[in-house]
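A.B. asks: no FASTA, just this:
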Ligand code: ADP
Ligand code: MG
């Protein structure tokens, strides 16, 4: 049974690729309004887990229940997106020749995108909605600039905005701060906290300082299984997590910037 307030739960989910088990009986509950971080070594199965929720990968076993009753594992990715699951991928998908505003228009849910196409423009309400999103992203002054003019960090924010334009109930983000500067990371953390006010967010991230600034709860995946789950403090002090992920020589002292730097892993290079 779903816990009250649960937006998505995975029950005993397993995935294998040509006999290789990427996920092994994973149980995961994410509540409405929760900001959950998913961490773990490269190859742990984090991206695969997001792929399962948004329907890109079908589990061999187990169920993915969304909004209490819908079994997502039976649906196609576009049906899952229409139900309110938004996904930001690791690789950018913006149109660089179009403006920020135009990119957001393309991201509108289909019914609105059709309206915009038929009338050759967006309705005033949608225009306001998109300007509000750009405002949240700190990009409102850039609304009519081409997306190609954006920095790496700004592009990531635009993509987050494009997912927000779809008004998802659950937002999935895969390593959103990879390649960002310290300041951009801080801004992204503030953005995620803002979004978590009315969305559930599940974010894969290696940067433990970022995780500390954002997550309510952390799930650690290792070799396709949940190794540990709890508060940031709890997982940072868990000896198994330190052993397999955070590394030897790590001191669970958040004020030690040297330790934090050591925790800042390189982003995945796996192209899935
Ligand atoms: P993470 O995101 O935690 O780094 P992934 O979910 O990308 O891990 O991958 C988990 C494991 O599954 C890795 O060993 C990876 O090589 C493998 N894998 C992922 N996707 C595929 C695929 N489409 N085909 C074959 N192997 C895959
Ligand atoms: Mg990954």
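C.D. replies: That came through fine. Just so it is clear, the model here is predicted, and its values are computed rather than measured. Ligands and ions are numbered 1, 2, ... in the order given.
A.B. asks: Please determine how far the residue in the stretch 1-150 of the chain that ligand 2 sits nearest to is located from ligand 1.
C.D. replies: Nearest to ligand 2 in the stretch 1-150 of the chain, going by CB to the ion, is residue 47, at a distance of 3.2 Å. To be clear about C-beta, it is placed using only N, CA and C from the backbone, and glycine gets the same treatment. Separation of residue 47 from ligand 1 (CB to the nearest ligand atom, to the nearest Å) stands at 3 Å.
A.B. asks: residue boundaries of the strands in the stretch 101-250 of the chain?
C.D. replies: 170-174, 200-204, 217-222, 225-230 (DSSP state E, counting those that start in this stretch).
A.B. asks: From the rest of the structure, what touches the last one?
C.D. replies: Yep, that's strand 225-230 we're talking about. For strand 225-230, contacts defined as CB atoms under 8 Å, 6 or more residues apart in numbering pick out 23-28, 40, 217-221, 234-235, 238, 240-241, 244-245.
A.B. asks: are any of the residues you listed buried, and which?
C.D. replies: 23-24, 26, 28, 40, 217-221, 235, 238, 241, 244-245 (16 or more other CB atoms under 10 Å).
A.B. asks: Out of these, which one has the lowest pLDDT?
C.D. replies: Checking pLDDT across these, the minimum falls on residue 245 at 85.
A.B. asks: Now for that residue: which residues touch it?
C.D. replies: Applying CB under 8 Å, 6+ apart, the residues near residue 245 are 39-41, 220, 222, 227.
A.B. asks: which among the residues you listed gets closest to residue 143?
C.D. replies: residue 39 (34.7 Å; CB to CB).
A.B. asks: Tell me how many other residues surround the closest one.
C.D. replies: With neighbours defined by other CB atoms under 10 Å, the count for residue 39 comes to 28.
A.B. asks: Next up, the contacts around the residue lying closest to it once chain neighbours are set aside.
C.D. replies: Leaving aside its sequence neighbours, residue 39 sits nearest to residue 220 (CB to CB, 6 or more residues apart in numbering; 5.5 Å). The contact partners of residue 220, by CB under 8 Å, 6+ apart, come to 39-40, 226-229, 235, 238, 241, 245.
A.B. asks: show me where pLDDT drops low in the stretch 101-250 of the chain?
C.D. replies: Residue ranges of the stretch 101-250 of the chain with pLDDT under 70: 110-124, 248-250.
A.B. asks: Tell me the one of the contacts of residue 220 nearest residue 64?
C.D. replies: Residue 64 has its nearest neighbour among the contacts of residue 220 in residue 226, at 14.9 Å by CB to CB.
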